[in-house]
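J.: can't give you the sequence, but here's the structure:
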């Protein structure tokens, strides 16, 4: 097996995540799909790190994980506060900036 | 530790060599677990309930952690399990519990045919991406053995604290900001004064709808579960004693009619045994019909 297959898998997972962001209406599931895309990028980074024989790709993947953790915390807080004011987690209902 | 690992198992030796092919073991692992990862990703998108989506995504993330370990990114593999499946997915599950599992997708489409167009765009994007990777010349893989020679964690630490130290510092600021932001976003300020018990009781008397407390569920019924309405003195069930949510869902277990029927049957058998057939029959008929009427009224 060519190690480049990891890149194909990463591309496939990224595509599935992107399609999920466009298709789903539930804000939590949309957020999970964004996480899936970030994970696919991390897999690509790790594979590139192996391809080039240095650790820079792994460092970037590590930073991606930190940023993803921060993003999840803030995003889920936004979802919870929107749910409190609108009683809905659908992205279609959040069409106004204010209540 | 990593040098000891590579000395122990021959599979990790292949990571060191410059190669275009992986070992057979890694190939088998890739095809088996890669299938699981793709199925998990598809389930994340397609599952109706968000809890199922979250669990599928957790499965995909664990598979990715195994892939990191297989490619020599030992630190990232462990961090993936600890941070992603351990922390982030649990956070997702907490929010799913807060928001409510039953919060399903609305099937009403704001833009007509948007889902099919999105799926088409996704397929086209995937074809473009995979064709791009297919056209790239990815023949030589240096392998991570050379980079991991001084230990994976030590190598990462050297890079993080030298080349990427500025990004690392910024990351600390980002995490602090995120934590404060989450607290600010979920903190709820009370906009009006909290109503005291005296004000609440005064409002109840002024409205005059229900001055006394509501009857407790299950009073004079067989047991005091919340879905069993209390029985009124005439044997019919009290609407007020059951939560309105349960009533709306139709999950109220009405024992009044059942108890009345059993009482009537007992009465009848006792009457037969005592030989008071003609006398009791009329009274029994009337009491049974009135009980059925009352049960119907209660159901309404």
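T.: In hand now; what should we look at? Everything numeric in this text was worked out from a predicted model, so none of it was measured.
J.: drop to CA atoms for contacts and neighbour counts, all remaining ones
T.: Will do.
J.: please point out which parts of whatever helix or strand residue B:184 lives in sit buried.
T.: Using DSSP states H and E, residue B:184 sits within helix B:165-186. Buried residues in helix B:165-186, counted by 16 or more other Cα atoms under 10 Å in any protein chain shown: B:168, B:171, B:174-175, B:178, B:181-182, B:185-186.
J.: stretch A:82-95 too?
T.: Going by neighbour count (16+ other Cα under 10 Å), the buried part of stretch A:82-95 is A:82-83, A:88-91, A:94.
J.: quick check: mean pLDDT across that stretch?
T.: Stretch A:82-95 comes out with an average pLDDT of 76.
J.: per-residue confidence for residue B:6?
T.: Reading off the model, residue B:6 has pLDDT 43.
J.: next: the one 4 residues further on.
T.: Listed pLDDT for residue B:10 reads 44.
J.: one step back: switch the buried residues of helix B:165-186 over to a markdown table; also include pLDDT and distance to residue B:87.
T.: Listed next are these as a markdown table, based on pLDDT from 0 to 100; distance: Cα to Cα, whole Å:
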| residue | pLDDT | distance to residue B:87 |
| --- | --- | --- |
| B:168 | 94 | 20 |
| B:171 | 94 | 18 |
| B:174 | 95 | 17 |
| B:175 | 94 | 14 |
| B:178 | 94 | 15 |
| B:181 | 92 | 18 |
| B:182 | 90 | 15 |
| B:185 | 86 | 20 |
| B:186 | 83 | 19 |
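J.: filter the residues you listed down to the ones near chain A?
T.: B:168, B:171, B:174-175, B:178, B:181-182, B:185-186 (Cα under 8 Å from any Cα of the partner chain).
J.: and which of the buried residues of helix B:165-186 is nearest to residue B:157?
T.: Nearest to residue B:157 out of the buried residues of helix B:165-186 is residue B:168 (Cα to Cα; 10.8 Å).
J.: hang on, the earlier thing: can you list contacts of the helix holding residue B:184?
T.: A:63, A:66-67, A:70-71, A:73-74, A:77-78, A:80-81, B:159-161 (Cα atoms under 8 Å, 6 or more residues apart in numbering or on different chains).
J.: check contacts around residue B:152.
T.: Taking Cα under 8 Å, 6+ apart, we find residue B:152 in contact with B:2, B:72-75.
J.: pLDDT below threshold where in the chain?
T.: No chain in the question, so chain A it is. Within chain A, the segments meeting pLDDT under 70 span A:94-99.
J.: wrong one, chain B
T.: With pLDDT under 70 as the threshold, chain B has low-confidence stretches at B:1-19, B:100-109, B:219-223, B:255-256, B:276-300.
J.: just give me the neighbour total for the residue in chain B that chain A sits nearest to.
T.: Nearest residue of chain B to chain A (Cα to the nearest Cα) works out as residue B:141 at 4.3 Å. Neighbourhood size, residue B:141 [other Cα atoms under 10 Å in any protein chain shown]: 24.
J.: chain neighbours aside, what residue packs nearest to it?
T.: residue A:51 (4.3 Å; Cα to Cα, 6 or more residues apart in numbering or on different chains).
J.: how about the contacts of helix B:165-186 in a markdown table, adding distance to residue B:31, neighbour count and secondary structure?
T.: Shown next, in a markdown table, are the contacts of helix B:165-186 (distance: Cα to Cα, whole Å; neighbours: other Cα atoms under 10 Å in any protein chain shown; DSSP: H, G, I helix; E, B strand; the rest coil):
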| residue | distance to residue B:31 | neighbour count | secondary structure |
| --- | --- | --- | --- |
| A:63 | 28 | 18 | helix |
| A:66 | 29 | 18 | helix |
| A:67 | 30 | 16 | helix |
| A:70 | 32 | 21 | helix |
| A:71 | 32 | 18 | helix |
| A:73 | 33 | 20 | helix |
| A:74 | 36 | 22 | helix |
| A:77 | 37 | 21 | helix |
| A:78 | 38 | 16 | helix |
| A:80 | 39 | 22 | helix |
| A:81 | 42 | 17 | helix |
| B:159 | 32 | 16 | helix |
| B:160 | 33 | 20 | helix |
| B:161 | 37 | 13 | helix |
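J.: just put those residues in JSON lines and tack on distance to residue B:125.
T.: Below are the contacts of helix B:165-186 laid out as JSON lines (distance: Cα to Cα, whole Å):
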{"residue": "A:63", "distance to residue B:125": "26"}
{"residue": "A:66", "distance to residue B:125": "27"}
{"residue": "A:67", "distance to residue B:125": "25"}
{"residue": "A:70", "distance to residue B:125": "28"}
{"residue": "A:71", "distance to residue B:125": "25"}
{"residue": "A:73", "distance to residue B:125": "29"}
{"residue": "A:74", "distance to residue B:125": "29"}
{"residue": "A:77", "distance to residue B:125": "31"}
{"residue": "A:78", "distance to residue B:125": "29"}
{"residue": "A:80", "distance to residue B:125": "32"}
{"residue": "A:81", "distance to residue B:125": "33"}
{"residue": "B:159", "distance to residue B:125": "34"}
{"residue": "B:160", "distance to residue B:125": "34"}
{"residue": "B:161", "distance to residue B:125": "37"}
